[in-house]
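Q: how would this look folded up:
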Amino acid sequence: MQLELIISEAQAGRMVKDAVKVLHLSGGLWKRIKWNGRVTVNGEEVHNARRRVAKGDRIVLTWSEENDIVPSDIPLSITYEDEALLVVNKGPGMIIHPTARGAHDTLVNAVAGYYAQRHIEAGIHPIYRLDRNTTGLVVVAKSAKGQYDLSKSHDQIYREYLALVSGHMDEKAGRIDRPIGRRDGSIVEWMVREDGKRAITDYEVLGEYEGYSLLKIHLLTGRTHQIRVHFASLGHPLLGDDLYGGPLGLMTRQALHAYTVRFAHPVTGKEMRFTAPVPEDMRKWMGKNEE
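A: This is a model prediction of the structure:
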């Protein structure tokens with residue numbers, strides 16, 4: 001990968017490490033370039049990031065997107081692909097990143113296997129995570145720069161989820177604004193608590209059935225288990241969500257699907273919008289006319 005910067009009059013006199021900040025590099029990417037890549041000023045390789053630059057100087061940053069992720073031959077459902085990114089429709093039972101040494105059954109391992117089969121040289125940088133048993137769309141940048149461009153703020157990617165929750169909501173549409181933090185003594189469970197981080201969830205009721213409802217949900221923040229915790233805190237846990245008290249009669253996993261994703265392409269700026277079909281285990285409880 002390569003990025004180029006021509007020094008403007010306003011940047012003249014700055015150190016290289018400060019001048020390149022206009023490229024919105026993450027700290028991790030800058031370290032990778034500095035230690036394992038190449039930085040040149042007007043074609044001359046430089047090793048001192050404190051070197052001062054002048055107006056018109058041309059800085060070129062070069063680095064490799066090679067990774068040490070073990071490829072796995074796991075089928076992937078690719079919704080979209082170009083030179084900058086992948087959009088994958090994730091099935092249930094798959095986590096995004098390995099959580100233990102020797103785990104090779106994650107989404108990033110599957111993407112590495114997909115690259116290997118097609119001789120693609122690119123990075124693997126998921127923009128956000130879905131829980132193991134949450135299905136739907138995951139955006140994967142092919143470079144660390146692309147990842148940073150798409151994740152500088154939460155609202156750069158608009159996501160809508162579909163969920164089946166127990167019971168019927170008092171309001172047909174609303175906003176949940178309740179802070180979330182880890183439950184004391186647990187390494188996996190989260191809860192609404194006053195000393196937690198602010199978490200905001202918008203919802204709209206799309207359908208009501210005997211004992212449960214179909215909701216369309218949009219997250220304004222990105223806390224761990226946010227949807228599951230928020231609706232459980234209201235007494236409406238997701239169907240199949242045994243961690244947060246959801247009923248287990250209809251679903252064997254939490255009934256949550258990342259249905260729609262919309263964002264500006266990190267290279268072209270073009271608006272991109274994708275949807276993922278609702279999996280059969282949720283669809284059969286949504287009514288014949290629900291999509």
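
Q: so how far is the lowest-mean-pLDDT helix or strand in the chain from its chain's centroid?
A: Every helix and strand in the chain was compared by mean pLDDT, DSSP states H and E; the lowest is helix 27-36, with a mean of 78. Here helix 27-36 is found 22 Å from its chain centre; the criterion is C-alpha atoms, centre = their mean, to the nearest Å.

Q: Also stretch 3-20?
A: Offset of stretch 3-20 from its chain centre (C-alpha atoms, centre = their mean): 31 Å.

Q: list the helices and strands the least confident helix or strand of the chain packs on?
A: Here helix 27-36 touches helix 144-151, going by 3 or more C-beta pairs under 8 Å, 6 or more residues apart in numbering; DSSP states H and E. From N, CA and C alone the C-beta is placed, and that goes for glycine too.

Q: Give me the residue at the spatial middle of this structure.
A: Geometric centre of the chain, nearest residue: residue 128, 1.3 Å, by C-alpha atoms, centre = their mean.

Q: From residue 221, how far out is that one?
A: With the distance defined as C-beta to C-beta, to the nearest Å, residue 128 ends up 12 Å from residue 221.

Q: quick one on the thing from earlier: isn't there a strand covering the residue nearest to the centre of the chain?
A: No: read with DSSP: H, G, I helix; E, B strand; the rest coil, residue 128 is coil and lies in no strand.

Q: Report the contact partners of the nearest residue to residue 179 once chain neighbours are set aside.
A: What sits nearest to residue 179 in space, not counting adjacent residues and going by C-beta to C-beta, 6 or more residues apart in numbering, is residue 196, at 3.7 Å. Residue 196 makes contact with 179-181, 223, according to C-beta atoms under 8 Å, 6 or more residues apart in numbering.

Q: who wins for neighbours among those?
A: Ranked by the number of neighbours (other C-beta atoms under 10 Å), the contacts of residue 196 place residue 180 first, at 21 neighbours.

Q: Can you name the residues that contact that residue?
A: When contacts are counted by C-beta under 8 Å, 6+ apart, residue 180 is found next to 190-193, 196-197, 199, 223-226, 229-230.

Q: If we use 10 Å, what do you get?
A: The neighbourhood of residue 180, defined by C-beta atoms under 10 Å, 6 or more residues apart in numbering, consists of 190-193, 196-199, 201, 221, 223-226, 229-230, 233.

Q: Just the buried ones out of those residues, please.
A: 190-193, 196, 199, 201, 223-226, 229-230, 233 (16 or more other C-beta atoms under 10 Å).

Q: nearest to residue 62, of those residues?
A: Nearest to residue 62 out of the buried ones among the contacts of residue 180 is residue 224 (C-beta to C-beta; 35.8 Å).

Q: Would you confirm that the closest one contacts residue 186?
A: No: using C-beta atoms under 10 Å, residue 224 makes no contact with residue 186, being 11.8 Å away.

Q: Can you get me the start-to-end distance on stretch 237-247?
A: In stretch 237-247, first residue to last residue: 8 Å (C-alpha to C-alpha, to the nearest Å).

Q: Give me the distance between residue 122 and residue 214.
A: 37 Å.

Q: ugh, wrong one, I meant residue 18
A: 51 Å.

Q: neighbour-wise, which of these two wins?
A: Set side by side, residue 18 and residue 214 show more neighbours around residue 214, with 21 against 14, by other C-beta under 10 Å.

Q: Low-confidence ranges, the stretch 101-250 of the chain, go.
A: Along the stretch 101-250 of the chain, the parts satisfying pLDDT under 70 run over 101-102.

Q: Going along the chain, name the strands of it.
A: Ranges of strands in the stretch 101-250 of the chain, per DSSP state E, counting those that start in this stretch, are 125-126, 135-141, 157-166, 173-177, 180-182, 190-192, 200-209, 212-219.

Q: Arrange those strands in CSV, one row each, with distance to residue 14 as further columns.
A: Listed next are the strands of the stretch 101-250 of the chain as CSV, based on distance: least, C-beta to C-beta, whole Å:
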stretch, distance to residue 14
strand 125-126, 28
strand 135-141, 28
strand 157-166, 31
strand 173-177, 41
strand 180-182, 40
strand 190-192, 43
strand 200-209, 38
strand 212-219, 38
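
Q: hang on, residue 277 packs against residue 260?
A: No: assessed by C-beta under 10 Å, residue 277 is found out of contact with residue 260, at 11.5 Å.

Q: what residues do the two have in common as contacts?
A: Joint contacts of residue 277 and residue 260 (C-beta under 10 Å, 6+ apart) are residue 136.
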